[in-house]
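> sequence plus predicted model, see below.
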Amino acid sequence: MMDQVLIAIVLLISIYMLGSSRLGGLVNAVAWQGLFLCLLAASVQKTNMPWHEWVLILLAIVVKALILPLLLKRALRETLVQREVEPQLGYSLSLFIGLLLLVGSIWTVWKLPLPPEIGNPMAVAIALFTLMVGLLLIVARTKAITQTIGYLTMENGIYVLGLTLAVGSPVVIEMGILLDVFVGVLVMGIMIFNINREFDHINTRHFTALKD
Amino acid sequence: MIFTLFSAPFVSGLLSFVIKRDKVRRALLAFTALAHLLLVSLVSSGPQTVSGWIGADALSQLFLFITSLLFLASSIYTIGYLSSHSQSESQDKRFSREAGFTGCLILFLSMMTLAIISQHISLFWVAIEATTLLSAPLICFQSSARSLEASWKYLLICSVGIAIALIGNIAMAVTCSFGEALKTFPMTFNELARHADLLQKDWLKIAFVFMLIGYGTKMGLAPMHTWLPDAHSESPSSVSALLSGALLNCAFLGILRTNIILNKAGLGDFSAKLLIFFGAASLLMASWFIVQQKDFKRLLAYSSIEHMGILAVAAGAGVNTYFGGMLHAVNHSLTKGMLFMVAGNILNIYKTKSSSDVRGLIRRAPLTGFLWIAGFLSICGVPPFGTFVSEITILTGLGRQHQWLILSLMLASLGVIFVGMSRIVIFMVYGESPLSDEEKGGQRIDYWTILPPLSLFVMILILGLWIPAPLKGLLDQATMILRGY
Amino acid sequence: MPLISLLTALILAPFLRSIINKVKAFFAGKQGPPLLQPYYDLYKLSRKGAVYSSVTSWVFRAGPVVALGTSVTALILMPTARISSLFQFQGDLLLFAYILGLGRFFTIAAAMDTGSSFEGMGASREALYSALAEPGLLLGLGGLGLITRSISLSAMYGGINVDFVLSRGLLPAFLFILVAFFIILLAENSRIPVDDPTTHLELTMIHEVMILDHCGVDLAMIEYAGALKIWLMGLLITGLIVPVFTTSLRGSLALSIVSLFLMAMLIGIIESIMARLKLIRIPRLMAVAFIFAAFWVIWVAG
């Protein structure tokens, strides 16, 4: 029951991310998404998790739902960008593509031979769906900060995909992956400042100097 | 021993963030590069059996040598670059910028080393992602609008690509969750290859596809190459040399090691088809863009895509091309490193990247002009350079495998690229110089920036005539590993 | 029992409007009209004669009659929670959807018949938004048919019970479909945030502008049909909730009425605290309704 509710919440958040036109809302959404995806991953584990995995999940929640969103909020505030998302694809179209992606993810998970100890195949599908939504955000939105949020969404999806497929790397390496994501968003954030200073905006649609 | 290989540069990289004096920091850079080369030689004289998460087998040692040599050359070049550029700018702001640049450069070396020696698939991933994050600041060192654009594209495209590789890692882990026997062993390339026939085949295919696309993005295989020309043309030339000569190889190593697992699992045909497809796509894409290129640094970038395509083909075509492929990786790295450094010197003289504005190079700066044309001949695989040997080895290998289609495709694109590049390069070197006579004089030769490409040039010339016995041994062993022994 | 529930609907439907108005008045700090005001209005209007413009044809006169007729027919097809409808057969959900469509078609046609540009504009908007609402409604009902293995409204709504919702883990999915149906209800009945029934500017009207030229008995029929439609759409929603709490027929009827009243209060609250959406954003709202309905179907199927 618990995981069903969590899946519903994650679905709602993804839909909000695709249909929302506000940058601030998008940052909040990615924070909540990180939190609920981690909770979902924890709730579908069949076997009792060893304590260090709990610590890892807690750490992931702190990084993905707290620190990184705060960082993005700061970037948003300091760069004084217009608070609108500026989509490449319209919102309604993004929503429908999102729906197709959901159907596609569920279909994929049905088709795949899943390992026997997987708790809830639906959770795997949702992780896959989140990943795709992240990719869609990167492709369909033009602002640098939206693309960063897309990247973070994608990483959220992958993280939970790993957890729900019941494959765990050693703790040190999991920490390394988390650190990479953290530094990645950090570097992107710093670069957003620089781009804003240099171009007076952070819209990548105007990145046209380099092409063949 | 093996730990110091990446932890020593790591420490010295962190150190150079806090060093205040430029001279000391530059000395540290050179010292780190030298020490790294020494350590690499020490490690490769040691035993080659690998167990655990990190270790240097022959394959690692080969790539370590390439990376270390190139880094040494590039760090000396960087010192020249930094000292000539710091004079022209104000002192107060540059101060920390240069520290950041040097620090990231050394950390970049550390992470490339970690990627090369890591045997664990996830550790490899962590290291490769770290190289992306550390090299993005290097690209936008000049902080112009163009370099920021290039660096953003690089960061975003490669991060997404490597995220896709992480899905591949997860899929690889899932391949082991179907049998009780497999649950406990560490996810290292070696262990996976040893138990390859027990792995779940569908998931193994998925894993390979995702890893090929993910690391292929980083390696610059078409059609995921779009970041590469931008990043290579906008970054400082020493960084371009490292990106092209060392970083692309690291990503390639991941694909190679995964390919071994696939071969062992009896899915060699599947992986070969994909590798050859992406390799051929890169060759075609590169020859198309080289012919109409107007920017000589982008020209070199597209040439890198071409050579990555050749490497992918060599990795895919099978047992007869492995040796040539490995040799080609060495030759390409050294040649491309040299070419990018020379391109940096040309840029420094003419202040433009447009090849049509560069004329009469051989009279303006004879040594640079000579190196430029020699490098061009080498990169196109003209004897007596090492690239000729490796390309001919790959081509004959393809012939022995009866891969006639890809063989003719490769020959055709090599021909097109040779013609396309020679049109550009010859006009740059000869032709009427647009500058007046007094500008021509007074060109002081900067030894910091001319010696590294010169020494690389000597190396590729030697490699064309004679492969030293230790290198031959290393190449043979690497080939054995690739064949799965 | 089906007859009783039908009569209840016919009698109590206008009362939903007075509840909405009372809640809105409460939020505005006003007294509000008396609870029976809709009935007074209907009585007053039905005693008046109608004035017809000389440019209108029989279509204009047919509009209100068809609107009322289709609403009543749809109500006959619609079960009240576990109480099956007066008339049912396999596949009646399609008839239900098309009957509603027929009513809307005639309302739109009657509005166009006047030749007024304002009414034409309202008609085009109504056509667009109802077209966007329709797929969500059908998809949602289709999903319900999928889990109850039936395509008759009465069987579908009769098949829901507490085990069904809880033991099959359908609770979140039920929330999706409830929200989707509620958005569709707001759109179909021209309530805020899709349309503002109390607006005074023709330019911003959707539904109200279409019926500007109707008066007297015609207007009474349209208003009554509108009231029935809220009841009808409300039953789509309450029919999903009520069977979870009771299985007896009498209980169903009582609970349905109570929950419909509660829903009217909810509409009143929404109308008090929300502004109308920009016209350009309404399609996105309808897309959300459709996607929620699609989630429900995916959940049910998967």
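That came through fine.
> tell me, how many residues neighbour residue 68?
Just going to use chain A. Using other Cβ atoms under 10 Å in any protein chain shown, A:Leu68 is surrounded by 25 other residues. Using the backbone N, CA and C atoms, a C-beta is placed for each residue, glycine as well.
> wait, chain B was what I had in mind.
25.
> host element of it?
helix B:58-86 (DSSP states H and E).
> show me what that helix packs onto, helices and strands only.
helix B:22-45, helix B:91-117, helix B:237-242, helix B:248-264, helix B:322-350, helix B:447-465, helix B:469-483 (3 or more Cβ pairs under 8 Å, 6 or more residues apart in numbering or on different chains; DSSP states H and E).
> my guess is B:Leu64 meets B:Ile116, correct?
Yes. Between B:Leu64 and B:Ile116 a contact is recorded at 5.5 Å, counting by Cβ atoms under 8 Å.
> more neighbours, these two?
The residue with more neighbours, out of B:Leu64 and B:Ile116, is B:Ile116; 29 against 23, by other Cβ under 10 Å.
> test my guess that the more buried one contacts B:Ser60.
Yes. B:Ile116 lies in contact with B:Ser60 (Cβ under 8 Å); the separation is 5.1 Å.
> identify the residues contacting the spatially most central residue of chain A.
With distances taken as Cα atoms, centre = their mean, A:Thr153 lies nearest the centre of chain A, 1.1 Å away. With contacts defined as Cβ atoms under 8 Å, 6 or more residues apart in numbering or on different chains, the neighbours of A:Thr153 are A:17, A:30, A:33, A:130-131, A:133-134, A:137.
> hmm, back to that, and of the helices and strands packed on helix B:58-86, who's closest to chain A?
Set against chain A and scored by Cβ to the nearest Cβ, the helices and strands packed on helix B:58-86 come closest in helix B:91-117, at 10.0 Å.
> can you tell me if that closest one touches chain A.
No. Using Cβ under 8 Å from any Cβ of the partner chain, helix B:91-117 stays clear of chain A, coming no nearer than 10.0 Å.
> how about that helix: buried residues?
By neighbour count on 16 or more other Cβ atoms under 10 Å in any protein chain shown, the buried set for helix B:91-117 is B:94, B:98-99, B:101-117.
> contacts only, for residue 71.
All of this is about chain A. A:185-186, A:189.
> wrong one, I was asking about chain B
For B:Phe71, the contacting residues are B:33, B:36-37, B:109, B:242, B:246, by Cβ under 8 Å, 6+ apart.
> distance of it relative to chain A?
Distance, B:Phe71 to chain A, by Cβ to the nearest Cβ, to the nearest Å: 22 Å.
> give the buried residues for the host helix or strand of A:Val133.
According to DSSP H and E, A:Val133 maps onto helix A:121-140. Residues of helix A:121-140 classed as buried: A:121-138, A:140 (neighbour count, 16+ other Cβ under 10 Å).
> out of those, which touch chain C?
When contact is defined as Cβ under 8 Å from any Cβ, the buried residues of helix A:121-140 meet chain C at A:122, A:125.
> quick one: contacts for the residue of the stretch 101-250 of chain C at minimum distance from chain A?
Nearest residue of the stretch 101-250 of chain C to chain A (Cβ to the nearest Cβ) works out as C:Pro172 at 3.3 Å. By Cβ under 8 Å, 6+ apart, C:Pro172 lies in contact with A:4-5, A:7-8, C:299.
> can we see that at 10 Å?
C:Pro172 sits next to A:1, A:3-9, A:11-12, C:295-296, C:299 when contact means Cβ atoms under 10 Å, 6 or more residues apart in numbering or on different chains.
> which of these fall in helices?
Of the contacts of C:Pro172, the ones assigned to helices by DSSP state H are A:3-9, A:11-12, C:295-296, C:299.
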